[in-house]
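Chemist: From the sequence below, what's the structure:
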Amino acid sequence: MATIPLRSPRYETLTTPSGAVSAKLQLTLDSTLRYTIVKSCTAGSDVVFEIAELCRDYLNMAITLVPADYPETNHIDISRAITFYDGANASGSIVQYGGADTNTVTHIGLDGYGTYMDGFNPTIGTRQILFTPNYSTSPDTYELFLPENTAGALQYTDSGGDLKTQDIGASDTSDTIETTTVTFKRIDCTKYGAGTKIVFINKWGAIQELWFFLKSTETTNTKSENYQRNLMDFSTAGTPTYDTKKHPITTFNKQGKNSISLSSGFYPEYANAWFEELLLSENVWMVRPKYNTPTSDEIVPVNVKTSSMTHKTSLNDKLIEYTIEFEEAFDYINNVR
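Modeler: Have a look, this model is predicted:
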């Protein structure tokens, strides 16, 4: 059993036993049989099934406004069963593997990924804090940055590899989760309001909060189509005319979209990984005040418009700060039908 990131390939491999000429994979996701795949195989050679893309089709990501309630259900339970047969296309008699009719393995799938340098079949450890730490220290150092007097949350895996949420109190400065101590650095961001919180699914397939402590700039962009129409009125014989208050060039399909540029404030060099993972995330949300009830917050889906970043270092840049542009993941005028 393993906890696996499903944005990278996952190869399930067995060596074909003597006498087998075909293999059948049955892939069960959250207790429902979803796929049955049959392929030919050769005794003594590996039979290989790639399952990550198939599993990810059934992985539904969710989010909540309240950090303590971040879903622990953003995963999928996977059971893969491989059976060998002595006939083509999974026909004939079963050929046992390791003394059993079927080889069954279970996994937990998260919406994370491994990098090329992580190699073949990356996994996510048990009892692991699910955000990238400072690898330059020994042991690795886990730190998060939050505004003063602000609650939050992080996610981790327990001893069984299941996804768990740990809330962070508004005055907490550290916490020990499983066997790891996480430090919470408090930042005064009152010069630019209360800061802006971005929530995203990181490399580990977990919800991570990333605060932007400095200024924000909002922009509204519009688009439309135009056509030119004939305004001439020939209803009165001998005196054609037109109404000068009407538009000869007419606009239609007018739509808008809001974007916001956020400045991070100063972060340590190891936080470069967090901004890199933000740019690579496919699930990003912004927490902001409601426009009609500014004393209440709402969480909205956004896309990261910034497509590249230059990794800053304390040696080259002294102070490390990033400006990232986001765009609402919906049109301003409701067109959901």
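
Chemist: In this structure, which helix is the longest?
Modeler: helix 272-280 (DSSP state H).

Chemist: Which neighbouring elements make contact with the helix or strand following that one?
Modeler: Later in the chain than helix 272-280, the nearest helix or strand by DSSP states H and E is strand 284-289. Here strand 284-289 touches strand 196-201, strand 297-304, going by 3 or more Cβ pairs under 8 Å, 6 or more residues apart in numbering; DSSP states H and E. No exception for glycine: its C-beta is placed from N, CA and C like everyone else's.

Chemist: what's next to strand 284-289, contact-wise?
Modeler: For strand 284-289, contacts defined as Cβ atoms under 8 Å, 6 or more residues apart in numbering pick out 63, 65, 196-201, 260, 278, 295-304, 326.

Chemist: for stretch 274-285, what is the average pLDDT?
Modeler: Across stretch 274-285, pLDDT averages out at 98.

Chemist: Please apply the same query to stretch 41-50.
Modeler: 97.

Chemist: Would you mind listing which of the contacts of strand 284-289 are buried?
Modeler: 63, 196-201, 260, 278, 302, 304, 326 (16 or more other Cβ atoms under 10 Å).

Chemist: could you point out which element follows the helix or strand of the chain with the lowest mean pLDDT?
Modeler: When each helix and strand of the chain is scored by mean pLDDT, DSSP states H and E, helix 314-317 comes last, with a mean of 86. As assigned by DSSP H and E, the chain's next helix or strand after helix 314-317 is strand 323-328.

Chemist: which residues are contacting that following strand?
Modeler: 198, 212, 257-264, 275, 278-279, 284, 286, 300-306.

Chemist: Quick one: list the elements packing against the helix or strand where F184 lies.
Modeler: Using DSSP H and E, F184 falls within strand 180-187. Applying 3+ Cβ pairs under 8 Å, 6+ apart, one finds that strand 180-187 makes contact with strand 142-147, strand 152-157, strand 174-177.

Chemist: If we use 7 Å, what do you get?
Modeler: With contacts defined as 3 or more Cβ pairs under 7 Å, 6 or more residues apart in numbering; DSSP states H and E, strand 180-187 has these neighbours: strand 142-147, strand 174-177.
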